[in-house]
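*Asks:* Here is my input, please return the structure:
(one chain, ligands or ions: 1)
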Amino acid sequence: MAVRVGVFGAGGRMGSTVCRAVAGDPELELVAAIDPHHAGLDLRQVTGVDVPDLDIAPDPTILLEVGAEVVVDFTVVEASRRNLEWVAEHGLHAVVGTTGFTPEDHERLRAAFTRSNCLIAPNFAIGAVLMMRFAEMAAPWFDTAEVIELHHDRKVDAPSGTAMMTVQRMAEASESWSPDPTRDEVLPGARGGVGPGGIRVHSVRLRGLVAHQEVVLGTAGQSLTIRHDSYDRESFMPGVLLAVKQIADRPGLTIGLDTFLGI
Ligand code: NAP
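*Replies:* The predicted structure is shown next:
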């Protein structure tokens, strides 16, 4: 039996890519698309996905009418908070790609998802998941590190969820980072944002980019650069589809795709 899937943010860039990926997977069935700003439109016109007679719904109640089991959310964090509250209350599973959640959000969601499960992954690209793991492995061997994340010019949050998760994990893997030597920051912000462990994060927004990140680590006489590039939103789809298929077997709240990949 195919897993019945609903998609929040179906009219967005990621949401419409997810609709196409779900519709093209024989183990999944796309049963609902929700997006208040595109409500009432035929999903085919908005996303190009070949599912007849599926109009975009304005709110989540459609999910109960069509018997959705798993919901995918790529929206904006304010909307996602509301969506997830509803999803937890109604016992559906959630796969979330929206970024911008705080540790307090994670705690609230951990308490809310008792009857069903939720994965929040700031990056569904398998190469990016590996990049975070490699950065964590390298951290204890270096004294200094900085993260440069680069995204398209319509991204509304900074730094990216991937950058935040990367520095969090590097800080947990090593406590011995050298202090920043800067005394005079001529242009405020030039040294970037200070993340966990004092690791600096720099956010670049540039037309033409999709999602990219470089982790640069340095110690005496050497540096290591770990770089990942998503050139196309398709890069996130294998991770999203894998998560949709596995989420029913992963109790409670999971942060990051790692455990789903077994790394
Ligand atoms: P986007 O094109 O702006 O899409 C967001 C969509 O959500 C828009 O269609 C928006 O409608 C819609 N929306 C707003 N409120 C909603 C609600 N209450 N219910 C349902 N839909 C709602 O942005 P995007 O590039 O697709 O990115 C979406 C999110 O995914 C961002 O947080 C981004 O950082 C994240 N992302 C994650 C990954 C990952 O691997 N985890 C990868 C890429 C992007 P309007 O535009 O009409 O307001």
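*Asks:* contacts and neighbour counts: CA atoms only from here.
*Replies:* Fine.
*Asks:* in the stretch 151-263 of the chain, what residue is nearest the ligand?
*Replies:* Scanning the stretch 151-263 of the chain for the residue nearest the ligand gives residue 236, at 5.4 Å (criterion: Cα to the nearest ligand atom).
*Asks:* For that residue, give its distance to residue 250.
*Replies:* Distance, residue 236 to residue 250, using Cα to Cα, to the nearest Å: 20 Å.
*Asks:* These two: who's more crowded?
*Replies:* Applying other Cα atoms under 10 Å to residue 236 and residue 250 shows that residue 236 carries more neighbours, namely 20 against 16.
*Asks:* To which secondary structure element type does the more buried one belong?
*Replies:* Judged by DSSP: H, G, I helix; E, B strand; the rest coil, the three-state class of residue 236 is helix.
*Asks:* Do I have it right that it meets residue 127?
*Replies:* No - using Cα atoms under 8 Å, residue 236 is not in contact with residue 127, being 9.6 Å away.
*Asks:* Could you pull out the strands in the stretch 101-250 of the chain for me?
*Replies:* Here the stretch 101-250 of the chain has its strands, by DSSP state E, counting those that start in this stretch, at 118-120, 144-151, 193-194, 200-205, 211-219, 222-230.
*Asks:* can these go into a markdown table with extra columns for mean neighbour count?
*Replies:* As requested, the strands of the stretch 101-250 of the chain are arranged in a markdown table below (neighbours: other Cα atoms under 10 Å):
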| stretch | mean neighbour count |
| --- | --- |
| strand 118-120 | 25 |
| strand 144-151 | 22 |
| strand 193-194 | 14 |
| strand 200-205 | 19 |
| strand 211-219 | 19 |
| strand 222-230 | 15 |
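*Asks:* C-terminal to the helix or strand hosting residue 18, what's the next element?
*Replies:* Mapping residue 18 onto the secondary structure by DSSP states H and E places it in helix 13-23. Tracing the chain past helix 13-23, the next element assigned as helix or strand by DSSP H and E is strand 28-34.
*Asks:* relative orientation of that next one and helix 13-23 in degrees?
*Replies:* 150 degrees (axes from the mean of the first three to the mean of the last three Cα atoms, to 10 degrees).
*Asks:* Check which element follows strand 28-34 along the chain.
*Replies:* Scanning onward from strand 28-34 (DSSP H and E), the first element met is helix 43-47.
*Asks:* which parts of the stretch 101-250 of the chain sit against the ligand?
*Replies:* Applying Cα under 6 Å from any ligand atom, one finds that the stretch 101-250 of the chain approaches the ligand through 121-125, 236.
*Asks:* I'd like to know which of these are buried.
*Replies:* Judged by neighbour count, with 16 or more other Cα atoms under 10 Å as the criterion, the buried members of these are 121-125, 236.
*Asks:* Keep only those of those that are in helices.
*Replies:* Judged by DSSP state H, the subset of those located in helices is empty.
*Asks:* pLDDT-wise, what's the bottom of those?
*Replies:* Comparing pLDDT over these, the lowest score belongs to residue 122 (91).
*Asks:* now the helices for the stretch 51-200 of the chain?
*Replies:* With helices called from DSSP state H, counting those that start in this stretch, the stretch 51-200 of the chain shows them at 61-65, 77-89, 103-112, 126-138, 161-173.
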